[in-house]
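> sharing a model prediction with you, sequence too.
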Amino acid sequence: MPKSRQSSDTKEKKEKIFYEHGKDGLSLALSIAETEEDKALRKTEKNRRVQEHRYGRHDRASGKKNRLEETKAMIAKQRVRAKKEKAKSRKGQLKQEECGRASTSKRAVAETAATTPRKRVSFA
């Protein structure tokens, strides 16, 4: 224990300062609180400005995105319409060809059946 006594003896003791009736301490605490509050207000105001700026950009970007989506939808509608028209034209062509082939195809089937016998396939 003698070592601890030596280290404590070498340190100088600081005198405690007492404020009269706590007025000085109270004013110091108030000034510190005001500065901290000002810092916090500046930070929140700065963050609001940054957020407003970001939202402004977002609105512009969303407008562009909306236009892009609209054009994509219009292109898709045009593709579907073209596909339907193409299908209708194919059906019309097939009907015309079937009408012309109907009489000839029945004769052709009858002739091929008469000339060549069908081969039978058996699966083992």
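Cool, the structure landed.
> for residue 74, give me the pLDDT.
Among the per-residue scores, residue 74 holds a pLDDT of 96.
> use 14 as the first number for this chain going forward.
Yep, numbering from 14; the last one is residue 87 now.
> just give me the neighbour total for it.
Neighbours of residue 87 under the rule other Cβ atoms under 10 Å: 10. No exception for glycine: its C-beta is placed from N, CA and C like everyone else's.
> then residue 38?
Residue 38 - counted by other Cβ under 10 Å - has 13 other residues nearby.
> that one sits in which helix or strand?
Assessed by DSSP states H and E, residue 38 sits inside helix 36-128.
> next: residue 30.
Under the criterion of DSSP H and E, residue 30 resides outside all helices and strands.
> can you get me a residue count around it?
Neighbours of residue 30 using other Cβ under 10 Å come to 7.
> for it, give its distance to residue 112.
For residue 30, the distance to residue 112 (Cβ to Cβ, to the nearest Å) stands at 115 Å.
> show me the shaky parts of the chain.
14-23, 31-35, 66-73, 114-130, 137 (pLDDT under 70).
> switch the cut-off to 90
14-43, 59-78, 104-137 (pLDDT under 90).
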